[in-house]
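Engineer: How does the following fold in three dimensions:
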Amino acid sequence: MQAKAWKANFTTLTIVLIPVAVGINYVGKFFAATLKLPLWLDSIGTVLSGMLAGPWIGAISGAVNNAIFGITLDPVSFWYLITSIMIGLVVGYLAFTGWIRTPGRALVLGLVVAGVAAVVSTPINVLLWHGQTGNVWGDALYAALVHRGTPVWIASFLDEAVVDILDKVITVFLSFLIYKALPARLVKLFGGAHQEVESL
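Structural biologist: Numbering: from 1, shown residues only. I've put the predicted structure just below:
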């Protein structure tokens, strides 16, 4: 089953899913920015595509998302392309091996994704922003930790993690709710339900 999770699932339907995922990411990012939330909510489409069609479609959706963000909104998004790719890979793999069967597992998956995002993003934050994320909550923690003598890398990781935990858990759980609300027949066309049944 683990090997099957990595099987490429490129069909017309899964390829069409990629721009749909990017559009969902745009909506989430716009919603968070408009309401000035201490979240990003820019990975819902990436996570949902991974749940539906597996790690490769999830990774490609994340990569395309950041590339388009970089061209149209913020060039800095290019730097975080690797983070989005890792999110898609991790969610797609774990979803196809049974991690979206229950709400409890979905929450754990959100924590896993948060950890991955924080680990991958921290070096980028240190390189570009001296360790900060640009998030008010996280950067306030960063400033307090650095003021107390905490090494920049640790402060930067905690800055990223404190935002990612909330953001990614909400993102994964919202994606899980969307996934569960979709008709089973549609989900099977993407491959997600088929893989999930095989893993039981």
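
Engineer: in stretch 47-67, what's buried?
Structural biologist: Using 16 or more other CB atoms under 10 Å as the test for burial, stretch 47-67 gives 47-66. The way it works is simple: take the backbone N, C-alpha and C, and place the C-beta from them, glycine included.

Engineer: What average pLDDT does that stretch get?
Structural biologist: Averaging pLDDT along stretch 47-67 gives 96.

Engineer: Against Ser77, how distant is the spatially closest residue to Val76 that is not a sequence neighbour?
Structural biologist: Nearest non-adjacent residue to Val76, counting by CB to CB, 6 or more residues apart in numbering: Leu128, 7.0 Å away. As judged by CB to CB, to the nearest Å, Leu128 and Ser77 stand 12 Å apart.

Engineer: And these two? Which one has more around it.
Structural biologist: The neighbour comparison of Leu128 against Ser77 (other CB atoms under 10 Å) goes to Ser77, with 20 against 14.

Engineer: List the contacts of Val152.
Structural biologist: Val126, His130, Gly131, Val146 (CB atoms under 8 Å, 6 or more residues apart in numbering).

Engineer: Is there a quick ChimeraX command that grabs whichever of those residues are buried?
Structural biologist: Buried subset of the contacts of Val152, written as a ChimeraX selection, criterion 16+ other CB under 10 Å:
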select :126,131,146
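
Engineer: Could you identify the least confident member of the contacts of Val152?
Structural biologist: Minimum confidence in these sits at His130, scoring 92.

Engineer: Torsion angles phi and psi at that one?
Structural biologist: Dihedral pair for His130: phi 60, psi 20, per degrees, to the nearest 10.
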